[in-house]
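Engineer: how would this look folded up:
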Amino acid sequence: MRPLRRSSSRPELVADSQGGTLVDPDGTYLGFDGPVIAGGFGNGAANLSLLMGAKMVHALAHAETVPGLSDPNGLTRRYATHAPADGALYGIDFRALLPPGNVIVPGVMAVPGTPAMGSVTGISLTTEADYTVIPAVTIDPPPAGGTPATATASLTVSNVTIDNGGSLVGAPSPVGYVFTFPNGIQIQVTGGEEIPGAFLGDLPAWTITSAEIVNGGTISGPVGTPVPANPMSAVAQSGSYTIELWPQISVDWEIGTLTLTNGGSGYTSIPNVVIDPGPSTAAATAQLVDATPPTTVPTPLLQFWTNTPGLVVASSDFTIDPNLGVQIRGGRSLLAFITGGVAGQDYQLRWVAQDSRGNLWQRTGLLLCARTS
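Structural biologist: Okay, here's the model as predicted:
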């Protein structure tokens, strides 16, 4: 074995915590007989560097299992650097996984397609009905792993009945004037008549005989909030009549607005919308990302992911030397010359290899670019 020496700078790749090996660019195996524990920064890890001709492969060996980083074979690996990879040779050995006589060969890995997926972008009424309470609006949830969309309803006046036209003293006729009621309801007078024998001085008294809605007002709040009781009296006017008796109306309420409060995520189709109580109905619209068909990718393969809850592909953070790619060495190991990474971000590196019997093997490691990791 070539001599090992401590490095205080860039501890960038890995020794195997279960007796694995490092390899140099010429395919020579440099093995450890078992777990390696040594002093150094970060979780008691060993900071080792191995001179390989003109290149340096930096190694971190660690004996503990890292939660959440188990590969399909139950084996875990740990990589580390406390700075972005600024151009170093990375390698990993598969000999502990391969059955006797098997070697790594070029192959392909199947990549499943993805369904159309997205969020709810809108919700609209399809049929209307009258309500005495604010109804619940429920949008069907997406498949497992998605976030349900949510919506609320508010009510507005659909119909007005004049119960009492009131007594309005003044001139001229109240036709065209607007009267305001609770919850922002406004009606404009379309018909009025004098009250026989009713005068205040020389001014006649009027009563409203017909009107139209100019503002249906609104009721919002928790599901089940009741509408105001009928009849209701006006509280304001656009004219300057002396009010002997305010006009009174009775109203019916319908859904005025459906508000999408959260579009959710992970929807693979447009969901159903249920309004309870009915009989109003509504329909949703959704913006779905196009589906992708199944495909294959060549192996060996090195993938980069963030190491945060809800893993995200981080391929754009790294560059694998295009002239070398991911290389097979000695039928048992993989090598790649890598640059990139973001300081302060931790990553998962996933190496995938196919053996001579068509089996796919994966080894996963943790690449630390955050000093507090």
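
Engineer: use CA for all of it now, contacts and neighbours both
Structural biologist: Will do.

Engineer: what helices or strands is whichever strand or helix holds T257 leaning on?
Structural biologist: Under the assignment given by DSSP states H and E, the secondary-structure element containing T257 is strand 248-262. Taking 3 or more Cα pairs under 8 Å, 6 or more residues apart in numbering; DSSP states H and E as the contact definition, the neighbouring helices and strands of strand 248-262 are strand 117-127, strand 130-131, strand 150-164, strand 232-233.

Engineer: which of the residues in that strand are buried?
Structural biologist: Neighbour-count burial for strand 248-262, with 16 or more other Cα atoms under 10 Å as criterion, is recorded at 248-258, 260, 262.

Engineer: in three-state terms, label N183 for me.
Structural biologist: Secondary structure for N183, judged by DSSP: H, G, I helix; E, B strand; the rest coil, is helix.

Engineer: pull the contacting residues for it.
Structural biologist: By Cα atoms under 8 Å, 6 or more residues apart in numbering, N183 lies in contact with 217-219.

Engineer: ok, now with 10 Å
Structural biologist: When the contact criterion is Cα atoms under 10 Å, 6 or more residues apart in numbering, the partners of N183 are 156-157, 215-220, 227-228.

Engineer: return the member of these nearest to P294.
Structural biologist: S220 (47.2 Å; Cα to Cα).

Engineer: count of neighbours near the closest one?
Structural biologist: Counted by other Cα atoms under 10 Å, the residues lying close to S220 total 18.

Engineer: what's the nearest residue to it if we skip its chain neighbours?
Structural biologist: Leaving aside its sequence neighbours, S220 sits nearest to S154 (Cα to Cα, 6 or more residues apart in numbering; 4.7 Å).

Engineer: who does the helix or strand containing R363 pair up with?
Structural biologist: Mapping R363 onto the secondary structure by DSSP H and E places it in strand 360-368. Sheet pairing here is set by DSSP bridges, and for strand 360-368 it gives strand 346-355 (antiparallel).

Engineer: show me what counts as buried in the partner strand.
Structural biologist: Judged by neighbour count (16+ other Cα under 10 Å), strand 346-355 contains these buried residues: 346-355.

Engineer: that one: how far from the chain's middle?
Structural biologist: Centre-to-centre, strand 346-355 and its host chain are 26 Å apart (Cα atoms, centre = their mean, to the nearest Å).

Engineer: sorry, back to before: next one: the strand holding T257 to chain centre, how far?
Structural biologist: Strand 248-262 sits 30 Å away from the centroid of its parent chain (Cα atoms, centre = their mean).

Engineer: all good on my end, thank you.
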